[in-house]
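Trainee: Quick one, fold the following:
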Amino acid sequence: MKMKKITFQGWKNCIELTNGEFRIVVTTEIGPRIVGAFLGPKGANLLYLDKKLLGTSNQKVWTNYGGHRIWHAPEDSVRSYCPDSRKVVMAELRDGGVAFMAPREELTGIVKTINVYPEGNNSFRIEHQIRNEGLWDIEAAAWGITQLMPGGTAILPQNRGPEGLVPNRSVNFWPYANPADSRFVFGDRFVLVKQTAKGAPTKIGLNSGEGWCAYINKNTAFIKQFEYFDENEYPDLGSSIEVYTEGGYLELETLGPLAILEPGDEVTHSEYWTAAEVEQIPLNNDQDVIDMLGIVEDDECCDDDCCCHDHEEEKKAAKKAAKSSKKDAKAAKKADGAKKAAEKKAPAKKAAK
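Mentor: Predicted coordinates for the structure are as follows:
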């Protein structure tokens, strides 16, 4: 992974991280917040940014800059909207990652950190850590929220499995969401959410255990992978993936399970980001998604020489990588000394206390 310091969209001291053909930009002026994601040297920014707020910081209230952020679920009108406009501390970790740590939230006592690691080629592991530095236990889940450019379609996989006598899938709507909204397309394999320029705010969530979701826009697929824990409770009626959209952008969100955090405890939720070029076709049903992403059905396998075995190996490798997030969380604790050392050097940290 290559790393260099740049100025980006008016924010100074940004860190550009490149892994193969995929690169991301993280600002240290606000956040922690990823403000750029690019496929190839001439690729456009996949992330939405509010043009009126480019290069700004030190807002007194929570400000929707755009890009990718970490929150703690479930959403609360006070707790979730703590200002995140102060400088973050950047520290290189011993295991090859880079940590971006925000000052302690005065209201909640929570410290948010985004750790970035190279993952294979053309991919990144984005770790979302929330640590309780307050005085009391809290129940929360780490939540990764990515605001993406308008005009695309989100793909949310539904649970699959053998026939049974109890339900295994749920689709959850927020009070302001209309299930009959034409932006929703419900198939047996996938739920699609289309981003439109004049769309009113709407939101949907699924209890998807498939471990991935994607956004297709202008010949580019942005894919998130994550680990799903069957035995754990998830926020928002069991939602592990969510989409919020309005006229200007679409948010592709994944959530970790709920956890009770005692003072000093932390929890980590990892996403694996990949971007790839695809042939742009209208996405109106399950088959369109299967054709675009090259998904091979299990029952299409004919013999040992069938090419679908290669796809199966890829899926196994992805699943193995996602399951390593538990081990990654333990490894991250070993790097905590490096982060705490960087944290002690941060004036913003002292000011927060």
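
Trainee: most centrally placed residue in this protein?
Mentor: Relative to the mean C-alpha position of the chain, the nearest C-alpha, by Cα atoms, centre = their mean, is the one of Gly144, at 3.8 Å.

Trainee: That one belongs to a helix, doesn't it?
Mentor: No: the secondary structure assignment for Gly144 gives strand rather than a helix, going by DSSP: H, G, I helix; E, B strand; the rest coil.

Trainee: can you pull the contacts of it?
Mentor: Going by Cβ atoms under 8 Å, 6 or more residues apart in numbering, Gly144 touches His68, Ile70, Ile126, His128, Lys224, Glu253, Thr254, Leu255, His269, Glu271. (Each C-beta comes from the backbone N, C-alpha and C, glycine too.)

Trainee: Could you measure from it over to Asp188?
Mentor: Distance, Gly144 to Asp188, using Cβ to Cβ, to the nearest Å: 27 Å.

Trainee: same check, this time on Asp236
Mentor: Taken as Cβ to Cβ, the span from Asp236 to Asp188 is 23 Å.

Trainee: And those two? Which one has more around it.
Mentor: When Asp236 and Asp188 are compared for neighbours, Asp236 comes out ahead with 20 against 9, by other Cβ atoms under 10 Å.

Trainee: Show me which positions of the helix or strand encompassing that one end up buried.
Mentor: Assigned by DSSP states H and E, Asp236 belongs to helix 235-238. Neighbour counts over helix 235-238 (16 or more other Cβ atoms under 10 Å) mark Pro235, Asp236, Gly238 as buried.

Trainee: Out of the contacts of Gly144, which is nearest to Gln280?
Mentor: Lowest distance from Gln280 to those (Cβ to Cβ) belongs to Lys224, with 19.7 Å.

Trainee: re earlier: please list the members of the contacts of Gly144 that lie in strands.
Mentor: With DSSP state E as the criterion, strands contain His68, Ile70, Ile126, His128, Lys224, Glu253, Thr254, Leu255, His269, Glu271 from among the contacts of Gly144.

Trainee: need those residues in a markdown table with pLDDT, neighbour count and distance to Thr7, can you?
Mentor: Below are the ones in strands among the contacts of Gly144 laid out as a markdown table (pLDDT from 0 to 100; neighbours: other Cβ atoms under 10 Å; distance: Cβ to Cβ, whole Å):
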| residue | pLDDT | neighbour count | distance to Thr7 |
| --- | --- | --- | --- |
| His68 | 98 | 28 | 19 |
| Ile70 | 98 | 24 | 23 |
| Ile126 | 98 | 24 | 23 |
| His128 | 98 | 27 | 26 |
| Lys224 | 98 | 20 | 28 |
| Glu253 | 98 | 25 | 29 |
| Thr254 | 98 | 27 | 30 |
| Leu255 | 98 | 26 | 33 |
| His269 | 98 | 24 | 30 |
| Glu271 | 98 | 25 | 26 |
